[in-house]
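Q: build the 3D model from these lines:
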Amino acid sequence: MNIKRAKEEIKNTIEAYLLKDDFGEYVIPAVRQRPVLLMGPPGVGKTQIMEQVARECGIGLVSYTITHHTRQSAVGLPFIREKDYGGSRYSVTEYTMSEIIASVYERMERTGIREGILFIDEINCVSETMAPMMLQFLQCKTFGNQRVPEGWVIVAAGNPPEYNKSVRDFDVVTLDRVKRLDVEADYPVWKEYAYREKLHGAVISYLDIRREHFYRVETTVDGVLFATARGWEDLSQILYVYERLEKPVDAQVVGQYIQFPKIARDFANYLELYYKYHRDYRVDEVLAGNPSPQAVSKLHFAEFDERFAVMGLLLSRLSEDFKCCYLEEAFVTELFGRLKALKQKLSGEMGCGEAGEASASVAGVVREERLLMEERFERDREAGRLDREAEQTARRLISWLGKMEGASDFEEVRASFTKEADLRERLVEETAGKLECAFDFLEAAFGEGQELILFVTELTAGFFSAWFIRENGCDRYYKYNRGLLFAERHKAIHEKIEAAKDEMTGAGLR
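A: Modelled structure (predicted):
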């Protein structure tokens with residue numbers, strides 16, 4: 001299965017394990033809550049989905065890579081305790097609490113969240129001395145004599161043996177006590193994630209053209225060569241930073257992340273063309289509605305790879321604006337809710353007192369709200385409940401409230417909110433205009449050709465672009481999207497006709 005389906009399965013499992021009956025007991029008792037064993041190639045996103053699952057389920061997460069631990073840190077240190085048995089006194093060996101189990105309790109103490117996920121990565125790559133302990137952990141949910149707290153679901157991840165020489169196979173007894181999910185690399189699913197995280201446009205457009213280079217692992221006489229999803233994501237981040245620093249990116253830089261020389265060289269060559277197309281086509285001018293006739297003509301006669309790269313440039317630039325609109329909408333929406341809460345509090349505190357008292361009341365209520373938000377923000381961040389966008393929104397709200405502590409009255413607060421709402425409207429209007437200019441440019445180059453349907457397909461796949469169009473509309477998007485749906489229906493009908501012809505031929509009816 002792909003990583004998206006694996007995420008759904010893990011969420012479903014957690015919801016099932018944490019479901020309680022009318023008496024507050026777990027419907028599936030802890031002894032029947034099989035640990036989830038997530039098996040898949042390295043760099044496919046196993047660790048990242050655990051953070052997403054914990055955040056979306058509103059539970060805690062404690063994560064460990066078990067190969068970084070010794071037997072003592074995982075099990076605990078032995079000590080001697082005196083105990084009485086049958087009237088006689090004996091020296092008994094016990095163990096201090098495991099560092100891993102202690103981390104679960106510490107997370108509960110810091111966040112107040114009593115349920116969560118204990119995630120153990122690379123579980124089948126442990127040393128020989130750790131192997132029996134890992135089997136005991138999966139079978140009995142204990143480290144030494146310390147049990148995983150009730151309400152904490154165990155999820156373990158490992159790599160298949162073809163990717164790691166130190167892998168140890170689990171026996172049937174252990175496998176019969178886990179819920180196993182086998183994950184494979186899947187580019188279309190990863191592409192959804194790439195748009196959501198706004199990975200570099202060059203990476204996405206390159207992999208659209210060279211999908212076979214998305215995930216490759218080969219063993220050669222020179223060692224293991226590989227390109228992974230993790231490598232492409234990390235390369236994307238360094239590309240953004242190197243662009244800001246105006247530093248060059250060549251095959252050697254790419255090869256530090258994509259450790260498959262042929263693919264690294266190919267991408268480096270593509271990246272040079274990508275930057276060249278950016279200079280040649282002047283994307284900002286295109287989105288401002290001022291494309292040069294030379295750019296339109298050049299794109300019209302361009303090869304497929306160049307056409308695709310230019311569309312990637314347009315989409316990448318538009319995605320920045322789509323995301324800005326998304327963040328501004330989230331901020332203004334949350335701000336409106338805060339404004340209503342502030343007004344209610346002020347209505348309760350402000351009577352018919354003097355203006356000075358009203359001013360003090362406004363400052364006091366705003367300050368109280370800011371302190372509450374800061375406390376909630378730190379708690380949610382510690383618990384891992386905030387994604388990147390939610391964290392940015394929370395920081396902006398706290399900063400805005402801080403500025404409003406000096407407001408003379410509520411009307412000043414309201415005026416500040418109005419400015420933010422007006423900014424949101426301007427951003428939406430400007431972004432909608434840029435989207436229209438992109439359609440103008442592509443129509444000038446291709447008429448109403450298949451390239452427009454491809455452009456619409458990419459807009460549909462992007463999280464922020466799909467959100468923007470859903471919220472604000474775009475007539476030409478809907479026009480070409482209908483064309484895409486028609487083309488898909490036509491293709492499906494054609495395939496059915498061809499299948500019927502084959503069936504008739506096989507039956508001797510033709």
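
Q: buried sites along stretch 23-41?
A: With burial defined by 16 or more other Cβ atoms under 10 Å, the residues of stretch 23-41 counted as buried are 26, 33, 34, 35, 36, 37, 38, 39, 40, 41. (Each C-beta comes from the backbone N, C-alpha and C, glycine too.)

Q: CA atoms of it as PDB?
A: The C-alpha coordinates for stretch 23-41 follow below in PDB (Å, rounded to 0.1, in the frame of the first residue of the first chain):
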ATOM      1  CA  PHE A  23     -17.800   2.300  31.900                       C
ATOM      2  CA  GLY A  24     -14.700   4.100  30.600                       C
ATOM      3  CA  GLU A  25     -12.900   0.900  29.700                       C
ATOM      4  CA  TYR A  26     -11.200   0.300  26.300                       C
ATOM      5  CA  VAL A  27     -13.500  -1.700  24.000                       C
ATOM      6  CA  ILE A  28     -10.400  -3.600  22.800                       C
ATOM      7  CA  PRO A  29      -8.500  -4.500  25.900                       C
ATOM      8  CA  ALA A  30      -4.700  -3.700  25.900                       C
ATOM      9  CA  VAL A  31      -3.800  -7.400  25.600                       C
ATOM     10  CA  ARG A  32      -5.600  -7.500  22.300                       C
ATOM     11  CA  GLN A  33      -4.300  -4.200  20.900                       C
ATOM     12  CA  ARG A  34      -1.700  -5.500  18.500                       C
ATOM     13  CA  PRO A  35       1.200  -3.200  17.900                       C
ATOM     14  CA  VAL A  36       1.300  -1.800  14.300                       C
ATOM     15  CA  LEU A  37       4.400  -2.900  12.400                       C
ATOM     16  CA  LEU A  38       5.100  -0.500   9.500                       C
ATOM     17  CA  MET A  39       7.500  -2.100   7.000                       C
ATOM     18  CA  GLY A  40       8.800  -0.100   4.000                       C
ATOM     19  CA  PRO A  41      11.900   1.300   2.200                       C
END
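
Q: would you turn the buried residues of stretch 23-41 into JSON lines with distance to residue 398 and secondary structure?
A: Below are the buried residues of stretch 23-41 laid out as JSON lines (distance: Cβ to Cβ, whole Å; DSSP: H, G, I helix; E, B strand; the rest coil):
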{"residue": "26", "distance to residue 398": "37", "secondary structure": "strand"}
{"residue": "33", "distance to residue 398": "39", "secondary structure": "coil"}
{"residue": "34", "distance to residue 398": "42", "secondary structure": "coil"}
{"residue": "35", "distance to residue 398": "39", "secondary structure": "coil"}
{"residue": "36", "distance to residue 398": "37", "secondary structure": "strand"}
{"residue": "37", "distance to residue 398": "41", "secondary structure": "strand"}
{"residue": "38", "distance to residue 398": "36", "secondary structure": "strand"}
{"residue": "39", "distance to residue 398": "42", "secondary structure": "strand"}
{"residue": "40", "distance to residue 398": "39", "secondary structure": "coil"}
{"residue": "41", "distance to residue 398": "41", "secondary structure": "coil"}
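
Q: domain assignment for this structure?
A: 3-184, 186-281, 322-406 (automatic domain parsing).

Q: would residue 225 count as being in a helix?
A: No - counting by DSSP: H, G, I helix; E, B strand; the rest coil, residue 225 is not part of a helix but strand.

Q: for it, which residues count as its bridge partners?
A: Assessed by DSSP bridges, residue 225 has beta-bridge partners residue 218.

Q: now it: how far from residue 255?
A: 10 Å (Cβ to Cβ, to the nearest Å).

Q: please apply the same query to residue 393.
A: Counting by Cβ to Cβ, the separation of residue 393 from residue 255 is 38 Å.

Q: those two: who's more crowded?
A: The residue with more neighbours, out of residue 393 and residue 255, is residue 393; 22 against 17, by other Cβ atoms under 10 Å.
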